[in-house]
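S.K.: any chance you could fold what I've pasted below:
(chains A and B)
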Amino acid sequence: MTDLLNVDTVTAGYGQAKVLRGISLRVAQGEAIGLLGPNGHGKTTLLRCLSRLHRPESGTITFAGRDTANNSPRDLVRRGLIHVPQGSRLFPQLSVEEALRLSAASSGHSRSWRESLERVYSVFPRLKERRGQLTGTLSGGERQMASLGMGLMAQPTLLILDEPTLGLSPKVKHELSECIARVRAEVSSIILVDGDMELVLDLTDRYYVVLHGDIVQSGASDADRSREAMMSLFLGGAADEQP
Amino acid sequence: MSSLSVVLTSTLVLGGLYLLMAAGLTLIWSTLRVFNFGHGALLMFGAYLTWTLLTTTGLPLVVALIGAVVAMAAIGAIYEFLLVSPFIKRPNGDMLVMVATLAATMLLQSGAQLIWGPELKQLPPFGQGRVEVAGSVAQGTQLVTIVLAPLLVGLLALVLKRTGIGLTVRALEQNREHAQLLGIAPRRVYLFVVMVAVGLATVAGALLASMQFMTPAMGADPLLRAFVVLAFGGAGSLAGTITGAYAIGLLEALTTYYFGLSWSPVLVFLAMIIIMLVKPEGLLHTRVRSA
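M.R.: Reported below is the predicted structural model:
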């Protein structure tokens, strides 16, 4: 199976602060990948490098067989790499439908936006109810749905979701995880980052644990799910880092 | 003519001119997060260009103005290319761009002095129409300004509300980073916004040059007033800008009428200082809650 995405020893940071220290990972065509690990260890920075919002210092990122070094975020969107950012406040003054239409148009799919819209509304019936409402007035869960819906409107080959359940109540989180499962069925490949480890392992095929800007562990998501194994994902990895 | 009617005409004319200036500045501010100090000089350049087209080709004034708007939009594109895009992505890019636009002001003013010389020039009136409503008289260029300014800015509002490019502009205003992740190229939006803003300033310049003499420094005053309008209405909202433009026009007309021309700027800026002290986000600005 060929890799859809290949990240090879990428380093990145902000000025003096080094965030990614030679991280490598791969996503095969049709695969759902989970990224786990505590906050502040480089998951979001990695995603920003993937969509070229942030420029890596070294290493290569290959998407669909081509190096992305000279791509702009717009180039990658047009090639099907769609990054749904973290904790999105979205576009407070755009209506839900405007935001969805915008995502189709700006990713180069303005012709088929109506079909995409029907598809998104069937995945998220709630968005259809809220279609005329300004996204700034939506609840946190609905805003996440709108974000995911916008991702779908761009017809992704690789959909990157950064903390889609951040700050949601357990009930809403449960509802949203069902939405993500439905999104999963619509999209070939996904990278999912979330603080809820069980949710990530439920929805993905493989996982990586990111710690101090590098991968410390990886494996199949349906492997040993005992409490001890889950704890060791974090604590075991963290223990390795201690001097 | 009663005092009230003089003030009313003057409010609508001044308000219209400030509106044409401030709408462009608001558009630039809300997308680029930059105050374009070159806007007054661009207004002046547009006025002179209209005069050149008028005198060298013998075209009707309106056609000359349309030609100047097109030419100035192209100059706006060059302006964006030379002064905005090389700097905007750097750290503190907004500061660099603002300094660059200040430099552009000097360049354009000296350039105009070199090209067109120091002789006084004026454009003929736009039309001979005369309208009298309840004792207020507006004629010629005044009348055109009163009608054209809100018409053009209304058209701009419609474009922003209804068209694809308008949606793109609004998205970039509201969330630049997420807009990029949707595939919006900020450069294209900046280019569009600067060209539209410069076009509107050119119209303002030609109208102004038809009511008073042109000088290379003629843009300085409207620029300052437009700045007050932005402070008043809250930069970034077109509705606020429209209200602000006419409010400042009214304030200026009233103070000119009752206290005299020399006191008017003092009182206008006093009003701005008070607004900035009391409500720095603009009188009409309502914050959007970002939960």
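S.K.: show me what whichever strand or helix holds A:Thr45 is packed up against.
M.R.: Secondary structure from DSSP states H and E places A:Thr45 in helix A:43-50. With contacts defined as 3 or more C-beta pairs under 8 Å, 6 or more residues apart in numbering or on different chains; DSSP states H and E, helix A:43-50 has these neighbours: strand A:3-14, strand A:17-28, strand A:58-63, strand A:81-84, strand A:158-162, strand A:189-193. No exception for glycine: its C-beta is placed from N, CA and C like everyone else's.
S.K.: up against chain A, what does chain B have?
M.R.: By C-beta under 8 Å from any C-beta of the partner chain, the residues of chain B that approach chain A are B:164, B:167-168, B:170-171, B:174-175, B:177-185, B:288-291.
S.K.: which helix in the chain has the most residues?
M.R.: As the question left the chain open, I've gone with chain A. Taking DSSP state H as the criterion, chain A has its longest helix at helix A:170-186.
S.K.: ah, no, chain B please
M.R.: Longest helix in chain B by number of residues, with DSSP H as the criterion: helix B:3-32.
S.K.: show me what that helix is packed up against.
M.R.: Using 3+ C-beta pairs under 8 Å, 6+ apart: helix B:3-32 touches helix B:39-57, strand B:136-139, helix B:140-162, helix B:164-174, helix B:186-211, helix B:220-233, helix B:238-259.
S.K.: the ones you listed into TSV, with extra columns for mean pLDDT?
M.R.: Converted to TSV, the helices and strands packed on helix B:3-32 look like this (pLDDT from 0 to 100):
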stretch	mean pLDDT
helix B:39-57	96
strand B:136-139	80
helix B:140-162	95
helix B:164-174	94
helix B:186-211	96
helix B:220-233	90
helix B:238-259	91
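S.K.: of the helices and strands packed on helix A:43-50, which is nearest B:Ile275?
M.R.: When the helices and strands packed on helix A:43-50 are compared by C-beta to C-beta, strand A:3-14 sits nearest B:Ile275, at 37.3 Å.
S.K.: touching chain B at all, that closest one?
M.R.: No - using C-beta under 8 Å from any C-beta, strand A:3-14 never reaches chain B; the gap is at least 10.9 Å.
S.K.: list the buried residues of that strand.
M.R.: Judged by neighbour count using 16 or more other C-beta atoms under 10 Å in any protein chain shown, the buried positions of strand A:3-14 are A:3-7, A:10-13.
S.K.: so what are the sheet partners of it and their directions?
M.R.: According to DSSP bridges, strand A:3-14 forms sheet pairs with strand A:17-28 (antiparallel), strand A:58-63 (antiparallel).
S.K.: got CSV for those, with mean neighbour count, mean pLDDT and distance to B:Leu19 too?
M.R.: Listed next are the strands paired with strand A:3-14 as CSV, based on neighbours: other C-beta atoms under 10 Å in any protein chain shown; pLDDT from 0 to 100; distance: least, C-beta to C-beta, whole Å:
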stretch, mean neighbour count, mean pLDDT, distance to B:Leu19
strand A:17-28, 18, 94, 46
strand A:58-63, 17, 96, 47
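S.K.: got a markdown table for these, with distance to B:Leu107 too?
M.R.: Shown next, in a markdown table, are the strands paired with strand A:3-14 (distance: least, C-beta to C-beta, whole Å):
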| stretch | distance to B:Leu107 |
| --- | --- |
| strand A:17-28 | 40 |
| strand A:58-63 | 41 |
